[in-house]
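Q: what's the 3D shape of this:
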Amino acid sequence: MSNSNIFSKPVSIVVFLLLLVLVVFFESYAFKNSAVTSKETENIKVIKTIPISSSANLQVVGGSDTLANFKYKDANEYRFHNPEEFYEILEKSAIKYIFDIASDLTPYTFIKESLSLLPINPGLCIKYTGQDSFSIIEAKVSPDVESLLVDAIKHLKNNNFDKVIDTYKKALLIDSSYFKAYTLLGDSYYLNGNYDSAEIYLKKAIELNEIDYQAYFFLADVYLKKGNLKNALTEITHAFMLNKNSTIINGRLNDFLEPNGLQINKNRLKFPFELNQVSDTLLSVKFGEDQGIKWMPMAMCLACWKMEPDFKELIERHPDSLNFEIQMYKECMANQWAAILYDIEQDSVVTDTEMTLYSIIEDGYLNAIVYWEIMTTKYPMVILTMPKEEKQKVVEYIEKYVYTKRNP
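A: A predicted model of the protein is given here:
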């Protein structure tokens, strides 16, 4: 069943012209993911096939159906669609899509807060089993070390920092590889006012376990006390990267941002269109009056994934549903990136919001958006599974695009 009146008249003309000029452009490019390379910018040449990164293949339970019921065995087989293909899907669909221009709308955003006290277990550590392979496990200690840790807590409650320090040192004599003892010893030195020793032990904890967000967090406080504002910001950013949903870290961010003249950019990744699912067979899409229609490629992609059964089942029922969700977000970003690139090459007007998204992807931070900004909301541990170099890319993304200059 076809919806001949899928768009309101003013929008349909603009859409037709947009697709007419874009289709040849899209067909001349090939989009390829570069999740584990430093050349993501060179490889994003839209919109054919995109193998997802190894870091995306998480061992998370997906949908309940068997693979025999699906077109794709896994998300690696999924081929990206271009805007013309999405337009054809929407036009031929039995579902009704109403696209219109609106003067007042709530910008679409991929960022949704999901703060909690302890989203990431502070006892988790990374263990490398080869050059490029690793596992995330919870550290185990011997009964003797565990007993000493309990004693240290008792001394800490009495503010007897000398005994706390001695107790943690005894624990390290038994097990010198236990990273958390270094973290807690470093924090104890900090509480006792010995910032140089605190720095030494916290750095050792990070050396033993690069995902110990508490060590980064405590080290940030050490540098703040020592007046090294730049290093303090770097360390709290690492903690923020590893544990984005922590209420404690979020509650302290401003202590490090303000002295550096920075604040969180709360308007990032907000786009001038709005999706409203009226029913199972009706979706309303509104675009902002000022250049909002230019976000049609991303809106059409999201509309398909939200409403069309062949797309919905991939993220709701497929055994590899998590990775299909990752593909969905990458596909939406890729479609819009290509449209912006076309405008740039044609010397057309490009808005600040468009230019920011374009720059983010050009700078190689597509995975930072998908994994850190979006996926960690529902799956906090997703960031821990990324290769070390990809985690560093997320840190760079936060410093460049999440932090912004503080208003005067």
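Q: next, the buried residues of the helix ranked longest in the chain.
A: Criterion DSSP state H: the longest helix present in the chain is helix 321-345. By neighbour count with 16 or more other C-beta atoms under 10 Å, helix 321-345 contains the buried residues 321-343. Just so you know, the C-beta spots here come from the backbone N, C-alpha and C atoms, and that holds for glycine as well.
Q: what helices and strands are in contact with the helix or strand following it?
A: Moving toward the C-terminus from helix 321-345, the next helix or strand (DSSP states H and E) is helix 352-362. Packing contacts for helix 352-362, counted by 3 or more C-beta pairs under 8 Å, 6 or more residues apart in numbering; DSSP states H and E, involve helix 40-43, helix 321-345.
Q: hey, C-alpha coordinates of helix 352-362 in CSV?
A: Taking Å, rounded to 0.1, in the frame of the first residue of the first chain, the C-alpha atoms of helix 352-362 are listed here in CSV:
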residue,chain,number,x,y,z
ASP,A,352,26.5,25.8,12.9
THR,A,353,24.8,22.6,14.0
GLU,A,354,25.5,20.9,10.7
MET,A,355,29.1,22.1,10.8
THR,A,356,29.6,20.7,14.3
LEU,A,357,28.3,17.3,13.4
TYR,A,358,30.4,17.3,10.2
SER,A,359,33.5,18.2,12.1
ILE,A,360,33.0,15.6,14.7
ILE,A,361,32.8,12.8,12.1
GLU,A,362,35.6,14.3,10.0
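Q: now that helix: buried residues?
A: Quick answer for helix 352-362 (16+ other C-beta under 10 Å): 353-354, 356-358, 360-362.
Q: got the angle for it vs helix 321-345?
A: Using axes from the mean of the first three to the mean of the last three C-alpha atoms, to 10 degrees, one finds that helix 352-362 and helix 321-345 are set 120 degrees apart in direction.
Q: for helix 352-362, give the mean pLDDT please.
A: Averaged over helix 352-362, pLDDT sits at 95.
Q: one more: stretch 165-176?
A: 96.
Q: that stretch: how far from the chain's middle?
A: 37 Å (C-alpha atoms, centre = their mean, to the nearest Å).
Q: could you pull out the buried residues of it?
A: Quick answer for stretch 165-176 (16+ other C-beta under 10 Å): 165-168, 171-172, 175.
Q: what do you get for stretch 185-200?
A: Of the residues in stretch 185-200, those buried (16+ other C-beta under 10 Å) are 185-191, 194-195, 197-199.
Q: can you list the low-confidence ranges for this structure?
A: 1-69 (pLDDT under 70).
Q: which parts of it are strands?
A: 30-31, 44-45, 96-102, 108-109, 124-128, 134-138, 262-264, 270-271, 273-279, 282-288, 403-405 (DSSP state E).
Q: re earlier: for I211, find the nearest of the helices and strands packed on helix 352-362.
A: helix 321-345 (19.9 Å; C-beta to C-beta).
Q: centre of the chain to the closest one, how far?
A: The answer for helix 321-345 is 15 Å, by C-alpha atoms, centre = their mean.
Q: so which elements touch it?
A: Looks like helix 321-345 contacts helix 9-27, helix 83-92, helix 296-307, helix 309-316, helix 352-362, helix 366-367 (3+ C-beta pairs under 8 Å, 6+ apart).
Q: could you tell me the angle between the fourth one and helix 83-92?
A: For helix 309-316 against helix 83-92, the angle between stretch directions is 110 degrees (the same axes, to 10 degrees).
Q: helices or strands up against helix 309-316?
A: helix 296-307, helix 321-345.
Q: try 6 Å
A: helix 321-345 (3 or more C-beta pairs under 6 Å, 6 or more residues apart in numbering; DSSP states H and E).
Q: how many residues are close by F70?
A: 19 (other C-beta atoms under 10 Å).
Q: related to what we said a few turns ago, okay, the buried residues of helix 352-362 in JSON lines with distance to F240 next?
A: Listed next are those as JSON lines, based on distance: C-beta to C-beta, whole Å:
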{"residue": "T353", "distance to F240": "24"}
{"residue": "E354", "distance to F240": "27"}
{"residue": "T356", "distance to F240": "20"}
{"residue": "L357", "distance to F240": "22"}
{"residue": "Y358", "distance to F240": "25"}
{"residue": "I360", "distance to F240": "18"}
{"residue": "I361", "distance to F240": "22"}
{"residue": "E362", "distance to F240": "24"}
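Q: domain map for this structure?
A: Residue ranges for the domains of the chain, per automatic domain parsing: 9-108+270-364, 124-264.
Q: in CSV: the ones you listed, plus distance to Q392.
A: Formatted as CSV, the domains of the chain follow (distance: least, C-beta to C-beta, whole Å):
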stretch, distance to Q392
domain 9-108+270-364, 10
domain 124-264, 9
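Q: any idea how far V164 lies from I137?
A: Separation of V164 from I137 (C-beta to C-beta, to the nearest Å): 27 Å.
Q: between the two, which one's more packed in?
A: Between V164 and I137, V164 has the larger neighbour count (other C-beta under 10 Å), namely 25 against 11.
Q: correct me, but that one touches S188?
A: Yes - the criterion here is C-beta atoms under 6 Å, and V164 meets it with S188 at 4.7 Å.
Q: residues contacting L184?
A: Y168 (C-beta atoms under 6 Å, 6 or more residues apart in numbering).
Q: what's the burial count for K112?
A: Neighbours of K112 using other C-beta under 10 Å come to 9.
Q: quick revisit: go through the buried residues of helix 352-362 and name the one nearest L117.
A: I360 (30.4 Å).
Q: so how far is T106 from that closest one?
A: I360 is 22 Å from T106, by C-beta to C-beta.
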